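>>> From the sequence below, what's the structure:
(chains A and B)
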Amino acid sequence: MLASTLRLLGALICQLGSVGLAMAQASDGAAAANATALSEADFLTEMPVVLSVSRLPQRLDETPGAVTIIDRDMIRLSGARDVADLLRLVPGFQTSTAFETGAPLASYHGGFDAYSVRMQVLVDGRSVYSPYFFGGTGSGLETVALADIERIEVLRGSNSAAYGARAMLGVVNIITRHTVDTLGLQAGLSAGENGVRDAQARVGWGKEDASYRLTVDRRADDGLAGSNGHNLISRVNFRADLRVNARDEIQLRAGSLAIDAGKGLFGYADNAPRESSLGSGYLQLDWRRNLGQDQDIAFSASHGEETYRDNFPYVRIPGLSFDFGGRSSSDTVSLQHTLRYNSNVRFVWGGEFRREQVSSKPLYNTDAALVTDFTRLFGNAEWRLSQDLILNAGAMAEKSNMSGDSVAPRLMLNWHVVGGQTLRAGVSRAFRPPSTFETSGDIRYALNSVVLQAVSVSRGNIQSESILAREIGYLGEFPKLAASLDVRVFHEQIGGFVRRQQYALPAGTTLYPSNPWDFINDEDFAIQGVEYQLKWRPWQGAQLIFNQAYTDIGSAELGGSALAAPKLASSLTFFQKLPGGLDLSLMHQDSGTVTPQGGGIDSKQAMTRTDLRLGLPLRFGPKRGELALVVQNLGSPYQDYRKTFFFERRAFVSLQLEN
Amino acid sequence: MLVSLRLLLLTFWLGCLAAPTGQAATVVIVSSELSPAYAQAAESLERELERTGWSRHDMLQLTAAELAGAGVLTPKLFVALGAQAANALALAPLKAPVLCALLPRSSFERVLRSSGRKASSQFSALYLDQPLSRQLGLIQLALPEARRIGVLWGPDSQAQAPTLRTLAQARGLTLLEANVEQGELLFPGLKAALEGADVLLALADPQVFNSSSIQNILLTSFRAGVPLVAFSPAYVRAGALLALHVTPEQIGQQAATIVGGVLQGKALSVTPLYSQDFSVAVNEHVARSLGLRLDAVALRTLLRQREAAP
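As a prediction, the model looks like this:
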């Protein structure tokens, strides 16, 4: 599958190369026509509208929710090697570096499960939510190389009204760099303790109206101590930005990802140490037409697919093997219209159709593909009631052949009390439709056509789980102190929390008695608390970021779901520009007791971690680069994911060069 | 028969009345072309002259193309609107002085070079572009925290570089300059001018700023969080934060003041002039997304007050 994706990618790049050449030649002609002397025409001629309405993002203090932005500088200075690790810097997030469930995980307000299914992840507007297993976002976070990311916008809260069901507890929006900003060659290498061996290379070419980028990279290390978690991520990503004329712009993206990871536990027959591999590929086309200064229209189509290979023999019964492998795909088309009605009212509305297909004989006991269709209609209005009062109102109606209809509304009021001081209050409702596995999972182990035992047989009596999120926010800018403060006070009422439950199959159904798992809508509970981020530039070249999150999960499952997020988590980040351009980063994180439930109910853990980074800028004529030393976890090893897995100190050196 | 003769006479008489009184016109306005901007400038000029006691019969409007066939013209003053009209008048053997308006400084200087003329009381100009000091003044008013100004020089704008450097230094501003050579790609220069810049100042040069490059310039500068300050309201509609410009009406009005002076016996200024009046355009949506509150009218008023202050 991966090979075919790569072939497809190769063919696509060749095609685009020739299109780009033709367009570049056409634009040369245009440039020649323009090369006349200056006259009054330069002052009097009309220009095409470039920053059309949908290109102008909302300001942070006018967005309908709390947003944390991780920009390129922050990514570089953090020393992080993947997006999940970066999300440690966002208040309210829990992360893990383990590859036990495919890829490192990040979750907001609770690691309730092994795949982080209650969060939405978008890469350049495309949902990378995996329909495989229970759903999941770990592999989606690994879609692109860190070097290609312009910024990550993290919405702390729920926003199904804009991002569809699944945008229940957090939305991570990864935005890659424009190809015009990545022309030329760039490469990076990292190597150090714990088998850290990362490499990345990028080539960008083209002209202003047709530019391209191809990036290949790998990220590898020996994983957590005590685990079988050596891992290798390999990626190829391609992006083209084509300007067809003054009104139309096309973007094409394609890529593939392979995650090869060791997993399993030594001494456990039903979770034996083994090699697993996840391969995925995608194609995405975006077309935007500018309809003047006040409206534009955007069309998007994408295809994604993944293949999962994970099997091992069950040593206690010769001939029997465990298999979790299969395939899934998703196809999405969407159309969106953005309209500025007047200077105080702006609308975005549109529709989307998404089809997800999952096929896995071992997981569903059928050769057929299980198909879930989603049809969505959405609308959001930004209404400036007065100079200082902005109302954001929106809703998404979703129809699914598996989980029925739902409407997710959202209402948020932002009030600029005085210059630089904004209060925000609002309420939103979001849903998560049950995943294919939760509705149709069917795992039975058979030997010579005799079903020995059933492990998981879903009965399909399950509805979407819901959340009603109420929040009050505050954003303060203190220019004289060079400081800013972002506070979110939240009450998130979860309804029909999906949980697995065992039941007995009638005697005789399987050779041995079976108590398989089913998924049901279980308890209702609230997640409440407060989180804040203080940013301060106390003196020249210094930046201090202090985060704290108090989270109280009211689940009756005291050792489990109630501890899916720590009661208190804090982090302190300090960046200082030193003489000679040297960049010093110090990051300290302290997290209270938490049970990452993917790691098992006995995986209770608290952690402290301090990272250090020193970066030396390099310059050879026009070429630039950086040599950096990163030490992750200066202190003693901390428990990560499972009781027996530890994150030990990792020191590595990285070198970046760019022309 | 008699009726037809009467009709013929009447037609002749009416014809005489309606015939162009061009040859007798006091002011001849020659426009490069007939598009709205020229018409607005001419109309505003005529209206203002009318207001100060002149009759429309004293004025004649022509296009540069019509000039050759217009016969002998003996006005007290010619007004050229646009570079092409200025060039046509520069090459014509005229006795009356010529005021060239609605053209930028470098166009006027090109007309002087190609016609072998010098700026004089016989051949002077009212520029369309805005003085650099005023542009820096606007930046400092609108973006008081901006210290580093990115500038992209092209073949046409390059000549202003020494002046801008001096002015910027005097105001405590730093320039981040880059050159865009003929036939070269724009983005290496753009990248250099944007790196660390607080604002990008656009100075008219068709090699650098044109309808095909503006997309790239605006998108790249917006991604970098650097607002563009431009020289025409069209750029503001496209996505520039601000523009300092003079409207064709304002040019017409100020040209009328100069024309009125000449008609009363004053000489044309030997030194070409920049317009005294000007306008500020603000893209409020771009301003809002950058967290700025800017009021075009207030900025213009303040800038005028500062210029008027001793």
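
>>> so the one residue in the stretch 51-200 of chain A that gets nearest to chain B, which of the three states?
Nearest residue of the stretch 51-200 of chain A to chain B: residue A:51, at 2.9 Å (Cβ to the nearest Cβ). C-beta here means a position set from N, CA and C on the backbone, and glycine is covered the same way. The three-state assignment at residue A:51 reads coil, by DSSP: H, G, I helix; E, B strand; the rest coil.

>>> right, and it touches residue B:238 too?
Yes - the criterion here is Cβ atoms under 8 Å, and residue A:51 meets it with residue B:238 at 7.1 Å.

>>> any residues in contact with both of these two?
When contacts are counted by Cβ atoms under 8 Å, 6 or more residues apart in numbering or on different chains, residue A:51 and residue B:238 are jointly contacted by residue B:218.

>>> So which of the two has more stuff around it?
Under the criterion of other Cβ atoms under 10 Å in any protein chain shown, the comparison of residue A:51 against residue B:238 puts residue B:238 first, with 27 against 24.

>>> Provide a list of residues in contact with the more buried one.
By Cβ under 8 Å, 6+ apart, the contact list for residue B:238 reads A:47, A:48, A:49, A:50, A:51, B:214, B:218.

>>> show me the contacts for the first one.
So the one you mean is residue A:47. By Cβ under 8 Å, 6+ apart, the residues touching residue A:47 are B:211, B:214, B:232, B:234, B:235, B:237, B:238.

>>> Leaving out sequence neighbours, find the closest residue to the closest residue to chain B within the stretch 501-650 of chain A.
Among the residues of the stretch 501-650 of chain A, residue A:622 lies nearest to chain B; the distance is 9.2 Å by Cβ to the nearest Cβ. Spatial nearest neighbour of residue A:622, excluding adjacent residues (Cβ to Cβ, 6 or more residues apart in numbering or on different chains): residue A:659 at 6.7 Å.

>>> ok, how many other residues are close to the closest residue to residue B:203 other than its chain neighbours?
Counting by Cβ to Cβ, 6+ apart, residue B:157 is the residue found nearest to residue B:203 once chain neighbours are left out, at 4.4 Å. Applying other Cβ under 10 Å, we find 25 residues neighbouring residue B:157.

>>> List the residues that contact the residue in the stretch 151-300 of chain B positioned nearest to chain A.
Of all residues in the stretch 151-300 of chain B, residue B:239 sits closest to chain A, at 2.9 Å by Cβ to the nearest Cβ. Residue B:239 sits next to A:49, A:50, A:51, A:52, A:55, B:218, B:222, B:228, B:283, B:286 when contact means Cβ under 8 Å, 6+ apart.

>>> which residue packs closest to it, ignoring adjacent ones?
Leaving out its chain neighbours, the residue that sits closest to residue B:239 by Cβ to Cβ, 6+ apart is residue A:51, at 2.9 Å.

>>> where's the one you found relative to residue B:217, distance?
11 Å (Cβ to Cβ, to the nearest Å).

>>> just residue B:56 next, same as before
44 Å.

>>> Can you name every helix or strand that the helix or strand hosting residue B:300 contacts?
Assigned by DSSP states H and E, residue B:300 belongs to helix B:296-308. With contacts defined as 3 or more Cβ pairs under 8 Å, 6 or more residues apart in numbering or on different chains; DSSP states H and E, helix B:296-308 has these neighbours: helix B:132-142, strand B:279-282.

>>> hang on, the earlier thing: I figured the residue of the stretch 501-650 of chain A closest to chain B hits residue A:658, correct?
No - taking contacts as Cβ under 8 Å, residue A:622 lies outside contact range of residue A:658: 9.7 Å.

>>> who has more neighbours, those two?
residue A:658 (17 against 9).

>>> The most centrally placed residue in chain A: what's it in contact with?
In chain A, the C-alpha nearest the mean C-alpha coordinate belongs to residue A:121, at 3.4 Å (Cα atoms, centre = their mean). By Cβ under 8 Å, 6+ apart, the contact list for residue A:121 reads A:127, A:128, A:129, A:137, A:140, A:141, A:171, A:172, A:174.

>>> so who does the nearest residue to the first one once chain neighbours are set aside touch?
Meaning residue A:127. Distance criterion Cβ to Cβ, 6+ apart; nearest residue to residue A:127, sequence neighbours excluded, is residue A:120 at 6.5 Å. Residue A:120 makes contact with A:127, A:129, A:137, A:163, A:164, A:166, A:167, A:168, A:170, A:171, A:172, according to Cβ under 8 Å, 6+ apart.

>>> The last one - how many residues pack around it?
Close neighbours of residue A:172, defined as other Cβ under 10 Å, add up to 28.

>>> Over to the first one?
The tally of other residues near residue A:127 (other Cβ under 10 Å) stands at 23.

>>> correct me, but it touches residue A:164?
Yes - counting by Cβ under 8 Å, residue A:127 does reach residue A:164; the two are 7.3 Å apart.

>>> Of residue B:56 and residue B:217, which one has the most company?
Ranked by neighbour count (other Cβ under 10 Å), residue B:56 and residue B:217 place residue B:217 first, with 28 against 13.

>>> Wait, a helix at the more buried one?
Yes - assessed by three-state DSSP, residue B:217 belongs to a helix.

>>> Look at the residue lying closest to it once chain neighbours are set aside and report its pLDDT.
Using Cβ to Cβ, 6+ apart and skipping the chain neighbours, the partner closest in space to residue B:217 is residue B:190 (6.3 Å). Residue B:190 is assigned 90 on the pLDDT scale.

>>> sec struct for residue B:190, please.
helix.

>>> next one: residue A:73
Once three-state DSSP is applied, residue A:73 turns out helix.

>>> contacting residues for the residue nearest the centre of chain B?
In chain B, the C-alpha nearest the mean C-alpha coordinate belongs to residue B:128, at 1.7 Å (Cα atoms, centre = their mean). Shown in contact with residue B:128 (Cβ under 8 Å, 6+ apart): A:40, A:43, B:101, B:102, B:103, B:104, B:246, B:251, B:275.

>>> Mind telling me what element the third one is part of?
In this structure, residue B:101 is located in strand B:98-103 according to DSSP H and E.

>>> Next, the contact list for the nearest residue to residue B:181 once chain neighbours are set aside, please.
Leaving out its chain neighbours, the residue that sits closest to residue B:181 by Cβ to Cβ, 6+ apart is residue B:155, at 7.7 Å. Residues in contact with residue B:155 (Cβ under 8 Å, 6+ apart) are B:181, B:182, B:205, B:207.

>>> Distance check, the third one against residue A:618.
Separation of residue B:205 from residue A:618 (Cβ to Cβ) stands at 35 Å.

>>> Between these two, which has more neighbouring residues?
residue B:205 (22 against 15).

>>> Is that one in a helix, a strand, or coil?
Of the three states, residue B:205 takes coil according to three-state DSSP.

>>> Spatially nearest residue to it (excluding sequence neighbours)?
Here the residue nearest residue B:205, using Cβ to Cβ, 6+ apart, is residue B:154, at 3.4 Å.

>>> thinking that neighbour is in contact with residue B:177, fair?
No - contact criterion Cβ under 8 Å: residue B:154 and residue B:177 do not qualify, at 11.7 Å.

>>> more crowded one of these two?
Counted by other Cβ under 10 Å, residue B:154 and residue B:177 do not tie: residue B:154 has more neighbours, with 23 against 17.

>>> just to revisit the earlier point, got a pLDDT number for the residue of the stretch 51-200 of chain A closest to chain B?
Predicted confidence (pLDDT) for residue A:51: 86.
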